[in-house]
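Colleague: my questions concern the predicted model and sequence given below.
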Amino acid sequence: MKTKIADAYEKLKEYLSSDLVSFSLLKKILLPIFWEQLFLACLALFSIWLLSFDGENSMSVVSMMSVVTRVFTSLCLGMVTGGTVLVAQNIGAKRKTDAGRCMFQTIGFAVLLTTVLAALLIWTRQPLASYLLPGADPEIVDGALLYFTGFCISFPFFAFYQAYAGAMRGWGRSAMAWRLTLSVNGVELALVAALLIGMDMGVAGVTYAIVLSRIFGALYASLLMYRSRAELELKPLAAFTPNPAIIKSMLIIAVPLALEQFFFNSGKAFSQRYIAGYGAGHMTAYGVVDSVFNIFNLPQITLREGLVIVVGMCIGIKRYELARRYVYRFMRVIRRLLLYLMPFTILTAIVLVLCFRLPYHTNILVFWSLAVIFITGPPLLAGSLTIPAALRGGGDAPFVSLAALGSMWGVRVGMSWLLAGVFNFGVVGINIAMAFDWLARNLIFRARLKGKVWYGRILITNEVIKAK
């Protein structure tokens, strides 16, 4: 068995290595991302498990509102991804100082955006909760308002440390980003346990834990940035001196991606409206399935995030065919990992779901939904989620955004209405609609990858990096 594993490792090493990107560099990029994503997935599972002690109402509040908060978080992460791509391309072109300038511009822009958005969301939180949770019990709506307000307060702090972590990934320093994420979420986990179990604060405890941990994250990111300022050739004044050329290039990637993710997650939030009226059981199942899916999807998430960096480096020195080769090879690795790990994934899912202390009817909903994901995931996930990430790394964000939005609202939302709203499949129908969305995205993005348009946009030029 050890010999087979060693042989497989050597083949993988040879398969993913090139003259530009060595396997050791790939490990340096991918392993911290994997541990970070594993930790985040386990944190989500543990938080839901802790909430199960407080009952299905608390679980349903956090489950449903987490989908809603992702709608707005995606705007911030769109800015972060734009900065990550610019940093990666500048590092690929051996422009360290300019990469630092791009990082500071990204941080400043992301914090400004989220501060304005948070104020607007607090002002409109009441009608927003009523619209997204039609037919829900008043207790669930009140808990949702509290959770959402806490999210808004924490939003600018979240933007600060996420923008710094994204820049570090683009720099090839995923370990630094992982250390930051581990610390922030470790603090959140400890606070959730203390406030939820120790002080029996329910949804309020989860809310306070999120706010306090994100404030800690912004402070810790500032400390890390200060310590590495000389090594990375950082010039903090760049954060307060807007560089129109950098911002323009960042927005070429960030705005389409942010809008795509905003409307994409809006579609998910809109789809979940069809299950709010089914009661706490369906809403709880929705959150549990989402948490377990994050474990199943770890190989795809890890390789996708790494691929954005690798493609950015290839495009930065105009190695276009090497970039395309990496996309196909990463996709093959993702499919095989999802298939080979399936027995372990299914066993883990069964154990996890049974630990949630859910009623029998909710467990049945969870298992049927997971069956849909486990059957359709291996053949569809790599093409539907990994290819668009690679296309963004090449600067093709506008097309990716339009295609993803068309698939989300034309396929997923439409099928959710049909299966959950008309045929009463509830949460299971929502997950079947998601599988149809994956299929549509596969067909669109595979066709785009075969051409040359996706890597034709120039993002880094002398104008972009010119110091102000």
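Modeller: Here it is on my side, so go on.

Colleague: mind picking out the helix or strand in the protein with the poorest mean pLDDT?
Modeller: helix 462-465 (a mean of 46; mean pLDDT, DSSP states H and E).

Colleague: quick one: the helices in the stretch 1-150 of the chain?
Modeller: 2-16, 23-52, 56-92, 96-123, 125-132, 138-170 (DSSP state H, counting those that start in this stretch).

Colleague: which one of these lies closest to residue 433?
Modeller: helix 56-92 (14.2 Å; CB to CB). The way it works is simple: take the backbone N, C-alpha and C, and place the C-beta from them, glycine included.

Colleague: dump the residue contacts of residue 29.
Modeller: 169, 172, 174, 306, 309, 310 (CB atoms under 8 Å, 6 or more residues apart in numbering).

Colleague: for it, give its distance to residue 168.
Modeller: Distance of residue 29 to residue 168, given as CB to CB, to the nearest Å: 11 Å.

Colleague: residue 72 and residue 155 touch, don't they?
Modeller: Yes. Under the criterion of CB atoms under 8 Å, residue 72 is in contact with residue 155, at a separation of 7.3 Å.

Colleague: joint contacts of those two?
Modeller: residue 117.

Colleague: these two: which is more packed in?
Modeller: residue 155 (27 against 21; other CB atoms under 10 Å).

Colleague: flag every buried residue along stretch 113-125.
Modeller: The neighbour-count check on stretch 113-125 (16 or more other CB atoms under 10 Å) flags 113, 114, 117, 118, 121, 125 as buried.

Colleague: mind listing residues that contact it?
Modeller: Applying CB under 8 Å, 6+ apart, the external contacts of stretch 113-125 come out as 72, 75-76, 79, 128, 145, 148-149, 152-153, 155-156, 158-159.

Colleague: can you redo those as JSON lines with pLDDT and distance to residue 138?
Modeller: Shown next, in JSON lines, are the contacts of stretch 113-125 (pLDDT from 0 to 100; distance: CB to CB, whole Å):
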{"residue": "72", "pLDDT": "75", "distance to residue 138": "24"}
{"residue": "75", "pLDDT": "72", "distance to residue 138": "30"}
{"residue": "76", "pLDDT": "76", "distance to residue 138": "31"}
{"residue": "79", "pLDDT": "73", "distance to residue 138": "36"}
{"residue": "128", "pLDDT": "73", "distance to residue 138": "16"}
{"residue": "145", "pLDDT": "80", "distance to residue 138": "11"}
{"residue": "148", "pLDDT": "83", "distance to residue 138": "15"}
{"residue": "149", "pLDDT": "87", "distance to residue 138": "17"}
{"residue": "152", "pLDDT": "88", "distance to residue 138": "21"}
{"residue": "153", "pLDDT": "91", "distance to residue 138": "23"}
{"residue": "155", "pLDDT": "89", "distance to residue 138": "26"}
{"residue": "156", "pLDDT": "91", "distance to residue 138": "30"}
{"residue": "158", "pLDDT": "91", "distance to residue 138": "29"}
{"residue": "159", "pLDDT": "88", "distance to residue 138": "32"}
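
Colleague: just flag the most distant two among the residues you listed.
Modeller: Taking CB to CB, no two of these sit farther apart than 79 and 145, at 26.7 Å.

Colleague: hang on, residue 427 packs against residue 286?
Modeller: Yes. Residue 427 lies in contact with residue 286 (CB under 8 Å); the separation is 5.1 Å.

Colleague: any common contacting residues for the two?
Modeller: Counting by CB under 8 Å, 6+ apart, the residues touching both residue 427 and residue 286 are residue 275.

Colleague: where do the helices sit along the stretch 301-450 of the chain?
Modeller: Secondary structure of the stretch 301-450 of the chain (DSSP H, counting those that start in this stretch): helices located at 320-340, 342-354, 360-381, 387-393, 397-407, 413-416, 426-449.

Colleague: ok, which of those helices comes nearest residue 199?
Modeller: helix 342-354 (25.7 Å).

Colleague: now that closest one: average pLDDT?
Modeller: Averaging pLDDT along helix 342-354 gives 86.

Colleague: wait, which of the helices of the stretch 1-150 of the chain is closest to residue 441?
Modeller: Across these (criterion: CB to CB), the nearest stretch is helix 56-92, sitting at 16.4 Å.

Colleague: could you dump the helices of the stretch 1-150 of the chain into TSV with distance to residue 207 added?
Modeller: Formatted as TSV, these follow (distance: least, CB to CB, whole Å):
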stretch	distance to residue 207
helix 2-16	42
helix 23-52	12
helix 56-92	9
helix 96-123	13
helix 125-132	13
helix 138-170	4
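
Colleague: out of the ones you listed, which one sits most buried?
Modeller: Greatest average neighbour count among the helices of the stretch 1-150 of the chain goes to helix 56-92 (a mean of 25), per mean count of other CB atoms under 10 Å.

Colleague: neighbours of the nearest residue to residue 220 once chain neighbours are set aside, how many?
Modeller: Nearest non-adjacent residue to residue 220, counting by CB to CB, 6 or more residues apart in numbering: residue 183, 5.7 Å away. Residues lying near residue 183 (other CB under 10 Å) number 17.

Colleague: state the phi and psi torsions of residue 183.
Modeller: The phi/psi pair for residue 183 (degrees, to the nearest 10) reads phi -70, psi -50.

Colleague: now do it, the pLDDT please.
Modeller: 88.

Colleague: quick check, it in contact with residue 217.
Modeller: Yes. Under the criterion of CB under 8 Å, residue 183 makes contact with residue 217 at 7.4 Å.

Colleague: from the contacts of stretch 113-125, which single one is nearest residue 355?
Modeller: Looking across the contacts of stretch 113-125 and measuring by CB to CB, the closest to residue 355 is residue 148, at 27.6 Å.

Colleague: so how far is residue 33 from the nearest residue to residue 34 once chain neighbours are set aside?
Modeller: Closest residue to residue 34 apart from its sequence neighbours, by CB to CB, 6+ apart: residue 302 at 4.3 Å. Note on residue 302: its distance to residue 33, by CB to CB, is 5 Å.

Colleague: kindly report the same for residue 437.
Modeller: For residue 437, the distance to residue 33 - CB to CB - is 25 Å.

Colleague: go on, residue 400?
Modeller: Taking CB to CB, one finds residue 400 at 20 Å from residue 33.

Colleague: likewise residue 167?
Modeller: Using CB to CB, residue 167 is found at 14 Å from residue 33.

Colleague: can you read off the pLDDT for residue 369?
Modeller: Reported pLDDT for residue 369: 90.

Colleague: could you give the mean pLDDT of stretch 10-22?
Modeller: 77.

Colleague: sorry, wrong one. I was asking about stretch 250-263.
Modeller: 70.

Colleague: hmm, who's touching it?
Modeller: Outside stretch 250-263, the residues touching it (CB under 8 Å, 6+ apart) are 71-72, 74-79, 81-83, 85-86, 102, 105-106, 109, 392, 395, 397-398, 400-402, 404-405, 408-409, 457, 459.

Colleague: chain center to that stretch, what's the gap?
Modeller: Relative to its chain's centre, stretch 250-263 lies at 14 Å (CA atoms, centre = their mean, to the nearest Å).

Colleague: skip the chain neighbours and tell me the closest residue to residue 359.
Modeller: residue 281 (6.7 Å).
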